[in-house]
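*Asks:* Need the 3D shape of this:
(one chain, ligands or ions: 3)
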Amino acid sequence: MEIRFAASRPTGDYALVLPVAGKDRRSLASLGTAQQGVITALDRQRFEGEGSSASEHFVDENGSVRRVLVIGTGNGGNMEQAAEKLGGTAVARLQTSGEKKGVIDVSALGYDADTAARIGLAAALRSWRYDRYRTKLKDNQKATLEEIVIIGAEGAEARYKSRWAPVVEGVSLTRELVTEPANIIYPESFVERVQKSLEGSGVEIEVLNRAQMEKLGMGALLGVAQGSAREARLLILRWNGGGEGNPTAFVGKGVTFDTGGISIKPAAGMEAMKWDMGGAGAVSGALKALALRKAKANVVGICGLVENMPGGNAQRPGDVVTTMSGQTVEVINTDAEGRLVLADALTYVQRNFKPSTIIDLATLTGAILVSLGHEWAGLFSNNEELASSLLKAADETGDKLWRMPLAEPFDRLIDSPIADMKNVGPREGGSITAAQFIQRFIESGLRWAHVDMAGKAWSDKASATYEKGATGYGVRLLDQYVADVLEA
Ligand code: BES
Ligand code: ZN
Ligand code: ZN
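*Replies:* Ligands and ions are numbered 1, 2, ... in the order given. Okay, the predicted model is just below:
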C-alpha cells in the first residue's frame with residue numbers, strides 16, 4: 001500500500017476519512033449538505049469520538065455515493081499518538097472494505113508536519129500483512145486498499161519520507177523474519193534474507209560460520225546449536241553514519257526455533273517458538289531503518305543465530321561449556337539457551353568493536369510474561385542515564401518498557417558447584433536471574449541494557465499499528481533511542 005500526501009482532496013472514487021476530536025464535530029463541516037445527516041447518525045449511534053472509535057456512513061455527493069469514515073481522535077492527550085491511532089484505524093477499517101483509495105483529511109485539525117506524517121507511518125504499519133502461504137483467500141478476505149492520501153498539513157510528505165518511511169521498512173523486515181516459519185527461516189536463511197533486504201542500504205555485513213566461531217571459542221553459542229542439523233551463524237551489521245567514535249551495539253537473540261533441546265518444551269503452543277528470534281529480528285530491522293534514513297550515528301548490530309533442537313549430538317543437562325569470555329557455564333537446563341547465545345555474542349562485540357553502550361534484546365524468559373504480561377517488555381540496566389533514555393524512547397514509540405531490578409543477591413543464585421555459573425536460577429525471579437547471567441558477560445563500567453521482550457514479539461490481538469501476529473517490537477524503540485541520544 002502506498003502513502004501519499006496532497007494539498008487538496010482528489011476527484012473520483014475514494015473513501016473519505018474525517019477525524020473528529022471527541023464531541024467536537026467541526027471537521028465535518030466540509031461534508032456540506034451531507035453534514036447534518038452524518039451528525040444525526042453519529043448522535044443516534046452515541047458516537048463520542050474517542051481515540052480509535054469509528055463510524056461508517058454513505059453520503060450522496062452530486063449523485064454518486066461516497067463512503068465516509070468518521071474516526072475519533074479523542075479529547076486532549078498526546079497529538080502524535082492520536083495521529084497514529086487515526087492512520088492505523090483508517091487502514092484497519094478500509095483494508096479489505098472494497099475501497100482502493102482512502103483520503104484522510106486533517107485540514108481541520110491544524111496538525112504540524114510531523115504529526116501528519118505519523119498518520120502515514122501508522123497507516124503503512126497497519127497495512128502490513130503476509131499472505132505468502134495463503135493460496136485460498138476468499139475475495140472478501142483480500143486486501144483492496146492500494147493507497148492512503150493524507151490532506152491538510154504542509155511539509156508532511158518530506159517528513160514522512162525522511163523520518164518514517166524508513167521505519168516502516170525496518171519494522172516490515174522484522175515482522176517478515178518473525179512471521180516466517182522455522183523450516184524457512186533458520187540461521188543460514190535468516191542471514192540471506194537480511195542480506196537481500198539490506199542490499200544497497202549502506203549497511204556493511206559480515207557473517208561468521210561454525211568453524212570461525214569455534215576458533216573464537218564460542219562454546220556457549222555453539223553448545224546450543226549442536227543438537228540441530230542447521231549450522232549456527234553470527235550476523236554482524238554495521239552502520240557508520242556518525243563519523244569517528246565508538247559505536248553503540250545492539251545485540252539480538254536469534255533462536256530460529258526453540259524446542260527447549262533435551263529439556264524439551266511441552267507440545268502445546270510450541271509452534272510459538274518460531275519467533276524466538278524476535279530480538280535478532282528487531283536488531284536487523286533497526287539497522288535497516290537507520291541506514292535508510294541515513295542516521296548520523298555509528299551502530300553495530302549483532303545477531304546470534306542458532307536453532308535449539310534435541311538431536312543426537314545435543315548438549316545434555318549438566319554439560320559444562322566454556323564461553324568466549326573464558327568463563328565456564330554448567331548447563332542445567334538446555335531450554336535456557338538464549339542467555340548462552342547472548343553471552344558469546346556480547347563478548348564478541350566487546351572485543352571487536354569496543355562499543356560505548358550495549359543494548360541487547362531477547363525473547364528470553366517466560367517469567368517476564370508472569371511479571372508484565374503482554375503490555376510491557378522488561379528493562380534491566382546497569383546505568384541510570386541509559387535506562388531513562390530507553391524508557392523515554394519507549395514512551396515516545398509505544399514499544400513499552402518497564403524497569404526491573406538487578407542486584408547482587410540475585411547474582412548469587414546462579415553460582416554453580418562445578419563451574420563459574422549455571423544457566424538457570426530458581427523459578428522465582430526467573431527474568432532477573434537471566435539478566436544477572438547476561439551481566440556477567442559485560443565488562444565492568446560499560447553502559448549496558450537488556451530488554452526481555454518475550455511478551456512482545458507476537459500479539460494475539462490487533463492494535464492501531466499491527467494486525468494479530470508479529471509486532472515488530474524493538475525497531476521503533478532502537479530507532480528512537482538513536483534519534484534522541486546519538487543524533488541529538
Ligand atoms: N524462548 C524461551 C522464553 C519464552 C517462553 C519466550 C515463553 C516466549 C514465551 C526461553 O528460551 C526459555 O525457554 N526460557 C525458559 C527458562 C527456564 C528454563 C529457566 C523459560 O522461561 O521457561
Ligand atoms: Zn528456551
Ligand atoms: Zn528461547
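
*Asks:* switch to C-alpha atoms for all contacts and neighbour counts from now on
*Replies:* OK.

*Asks:* So residue 312, which state does it fall into?
*Replies:* coil (DSSP: H, G, I helix; E, B strand; the rest coil).

*Asks:* helix, strand or coil for residue 234?
*Replies:* Of the three states, residue 234 takes strand according to three-state DSSP.

*Asks:* same deal with residue 466?
*Replies:* Secondary structure assignment for residue 466 (three-state DSSP): coil.

*Asks:* how about the residues of the chain that lie near ligand 2?
*Replies:* For the chain, the residues in contact with ligand 2 (CA under 5 Å from the ion) are 260, 335, 336.

*Asks:* overlap between those residues and the residues near ligand 1?
*Replies:* Subset of the residues of the chain next to ligand 2 in contact with ligand 1: 260, 335, 336, counting by CA under 6 Å from any ligand atom.

*Asks:* Ranking by neighbours, what's the top pick from these?
*Replies:* For these, the largest neighbour count, defined by other CA atoms under 10 Å, is 23 neighbours, found at residue 335.

*Asks:* For the residue of the stretch 101-250 of the chain found nearest ligand 2, which three-state class applies?
*Replies:* Closest contact between the stretch 101-250 of the chain and ligand 2, by CA to the ion, is at residue 224 (9.9 Å). Following three-state DSSP, the label given to residue 224 is helix.

*Asks:* ok, it to residue 46 distance?
*Replies:* 57 Å (CA to CA, to the nearest Å).

*Asks:* Settle it for me: which of these two has more neighbours?
*Replies:* residue 224 (31 against 9).

*Asks:* Thought residue 337 was touching the more buried one, still the case?
*Replies:* Yes. Applying CA atoms under 8 Å as the test, residue 224 and residue 337 come out as touching, 6.2 Å apart.

*Asks:* tell me, what's touching these two both at once?
*Replies:* residue 308 (CA atoms under 8 Å, 6 or more residues apart in numbering).

*Asks:* I figured residue 7 was touching residue 149, is that so?
*Replies:* No. Assessed by CA under 8 Å, residue 7 is found out of contact with residue 149, at 9.8 Å.

*Asks:* Angles on the backbone of residue 308, please.
*Replies:* The phi/psi pair for residue 308 (degrees, to the nearest 10) reads phi -100, psi 100.

*Asks:* no, scratch that, I was asking about residue 18
*Replies:* phi -120, psi 120.

*Asks:* quick one: pLDDT of the residue of the stretch 101-250 of the chain found nearest ligand 1?
*Replies:* Nearest residue of the stretch 101-250 of the chain to ligand 1: residue 224, at 10.7 Å (CA to the nearest ligand atom). pLDDT, residue 224: 99.

*Asks:* what's the burial count for residue 159?
*Replies:* The burial count for residue 159: 17, using other CA under 10 Å.

*Asks:* Assign it to helix, strand or coil.
*Replies:* Assignment for residue 159 (three-state DSSP): helix.

*Asks:* I figured it hits residue 113, correct?
*Replies:* Yes. Look at residue 159 against residue 113 with CA under 8 Å: they come within range, at 6.6 Å.

*Asks:* follow-up on the earlier one: grab the nearest non-local neighbour of the residue of the stretch 101-250 of the chain closest to ligand 1.
*Replies:* residue 308 (5.8 Å; CA to CA, 6 or more residues apart in numbering).

*Asks:* Residue 7 and residue 149: who's more crowded?
*Replies:* Neighbour count, other CA under 10 Å: between residue 7 and residue 149, residue 149 has more, with 23 against 13.

*Asks:* thought the more buried one was touching residue 104?
*Replies:* Yes. The pair residue 149 and residue 104 passes the contact test of CA under 8 Å, sitting 6.1 Å apart.

*Asks:* Centre of the chain to stretch 17-24, how far?
*Replies:* The chain centre lies 30 Å from the centre of stretch 17-24; the measure is CA atoms, centre = their mean, to the nearest Å.

*Asks:* Kindly report the same for stretch 365-382.
*Replies:* That offset, for stretch 365-382, works out to 15 Å (CA atoms, centre = their mean).

*Asks:* Over to stretch 125-139?
*Replies:* For stretch 125-139, the separation from the chain centroid amounts to 20 Å (computed by CA atoms, centre = their mean).

*Asks:* Show me what counts as buried in that stretch.
*Replies:* Buried positions in stretch 125-139, judged by neighbour count with 16 or more other CA atoms under 10 Å: 125, 126, 127, 128, 129.

*Asks:* could I get those as a markdown table with distance to residue 196, pLDDT and secondary structure?
*Replies:* Output for the buried residues of stretch 125-139, formatted as a markdown table (distance: CA to CA, whole Å; pLDDT from 0 to 100; DSSP: H, G, I helix; E, B strand; the rest coil):
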| residue | distance to residue 196 | pLDDT | secondary structure |
| --- | --- | --- | --- |
| 125 | 21 | 98 | helix |
| 126 | 24 | 98 | helix |
| 127 | 22 | 98 | coil |
| 128 | 19 | 98 | coil |
| 129 | 20 | 97 | coil |
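
*Asks:* can you tell me which residues contact the residue of the stretch 101-250 of the chain closest to ligand 1?
*Replies:* 261, 306, 307, 308, 314, 315, 334, 337, 340, 341.

*Asks:* now do residue 323
*Replies:* 217, 218, 219, 220, 221, 329, 343, 344.

*Asks:* Most widely separated two among those?
*Replies:* 217 and 329 (13.3 Å; CA to CA).

*Asks:* Quick check: nearest residue in space to the residue of the stretch 151-300 of the chain at minimum distance from ligand 2, chain neighbours excluded?
*Replies:* Nearest to ligand 2, among the residues of the stretch 151-300 of the chain, is residue 260, at 4.7 Å (CA to the ion). What sits nearest to residue 260 in space, not counting adjacent residues and going by CA to CA, 6+ apart, is residue 335, at 3.9 Å.

*Asks:* May I ask you to confirm that that neighbour is in contact with residue 255?
*Replies:* No. Using CA under 8 Å, residue 335 is not in contact with residue 255; the gap is 11.0 Å.

*Asks:* distance of the residue of the chain most remote from its centre from residue 10?
*Replies:* In terms of distance from the mean C-alpha position of the chain, residue 63 ranks first, at 45.7 Å (CA atoms, centre = their mean). Counting by CA to CA, the separation of residue 63 from residue 10 is 17 Å.

*Asks:* same check, this time on residue 204
*Replies:* Residue 204 is 42 Å from residue 10, by CA to CA.

*Asks:* got a pLDDT number for the residue nearest to residue 246 when sequence neighbours are not counted?
*Replies:* Nearest residue to residue 246, sequence neighbours excluded (CA to CA, 6+ apart): residue 355, at 5.4 Å. For residue 355, the pLDDT comes out at 98.

*Asks:* swap in residue 62?
*Replies:* So residue 62 comes in at 88 (pLDDT).

*Asks:* Show me what stretch 151-170 is in contact with.
*Replies:* 4-9, 103-108, 110-118, 120-121, 124-125, 284-290, 292-293, 475-476, 479.

*Asks:* Among those residues, which ones are in helices?
*Replies:* 113-118, 120-121, 124-125, 284-290, 292, 475-476, 479 (DSSP state H).

*Asks:* Next up, phi/psi of the residue nearest to residue 260, please.
*Replies:* The phi/psi pair for residue 335 (degrees, to the nearest 10) reads phi -80, psi -10.
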